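# Give me a model of this one.
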Amino acid sequence: MRRLAFSIAMASMLAGCGGAEPGVYAVPLAEALQRLKKADVDGFRSARQCGILIHFAADSPKDDAITWRVSSSGREVLRFTVRLTAEGEGTRAQIEVPAEAKGGEMYDGSQFYPRPAVHQPLRPAVQELIDAAMEKRPYDVMRIPDGQRSSANDGPCKVQRAGLESGSARFGIDDKPGYDSRRSQQLREAENTRANQEGYDRSYGQPMDDTQGNW
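Numbers count the residues shown, from 1 in each chain. A predicted model of the protein is given here:
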């Protein structure tokens, strides 16, 4: 009886997670896609955002794949795709992240961003998003392995998030490097004032000289 109960418990557990091979789930493709559509993106954002205001938008499923686009101040700063394929009676989930022009892929842990949107590396965090969706549970950042929750390039992310959480500073994608939003705005205003003083066109508003054919 104990052996039967154990077997049932194991079968139930494997039905919601990846089983023996990471990324393969004992869930039919159609059901897996429905679960993925309900992924806990709010939990993902709360756990991994870096302190600048970001928005997640999911494209409608296409070819059994969903792409999430992350934007800030109306500009896309990151996107990633989860593609599902049938594998036997289960489903395989594959993560796709665009390449960076300077090598590697976006937020792979080796990239440096003055105003990052999320913690690096990205892939382990997205893997937890998938696992949570397939197991129909909330996102849990503590399930990401310790060595994969952060990278050596996460310094700006930690500074931005700490400033937001403490209320001491706010950051935006257009801030000047090394400054928060308030100080960046002050610097921009000072620069504009200097530019207006130095480049002021004193002929503005004067009558045009029709003898030169300007009329």
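
# which of the residues in the longest strand seen in the chain are buried?
Ordering each strand of the chain by length in residues (DSSP state E) puts strand 75-87 first. For strand 75-87, the neighbour count (16 or more other CB atoms under 10 Å) marks 77, 78, 79, 80, 81, 82, 84 as buried. The C-beta positions use only the backbone N, C-alpha and C, and glycine is treated the same way.

# What mean pLDDT does that strand get?
Computed over strand 75-87, the mean pLDDT rounds to 97.

# Give the other helices and strands that it contacts.
Secondary-structure packing of strand 75-87 (3 or more CB pairs under 8 Å, 6 or more residues apart in numbering; DSSP states H and E): helix 29-37, strand 65-72, strand 90-96, helix 122-134.

# Just tell me which of those ends up closest to residue 106.
Across the helices and strands packed on strand 75-87, the minimum distance to residue 106, taken as CB to CB, is reached by helix 122-134, at 6.9 Å.

# and that closest one, how far from the chain's centre?
Here helix 122-134 is found 12 Å from its chain centre; the criterion is CA atoms, centre = their mean, to the nearest Å.

# quick one: that helix to strand 90-96, angle?
Interaxial angle of helix 122-134 relative to strand 90-96 (axes from the mean of the first three to the mean of the last three CA atoms, to 10 degrees): 150 degrees.

# Give the next helix or strand downstream of helix 122-134.
Sequence-wise, the next helix or strand downstream of helix 122-134 (DSSP states H and E) is helix 155-166.

# got the contact list for that following helix?
Applying CB atoms under 8 Å, 6 or more residues apart in numbering, the external contacts of helix 155-166 come out as 49-52, 112-116, 118-120, 169-171, 180.
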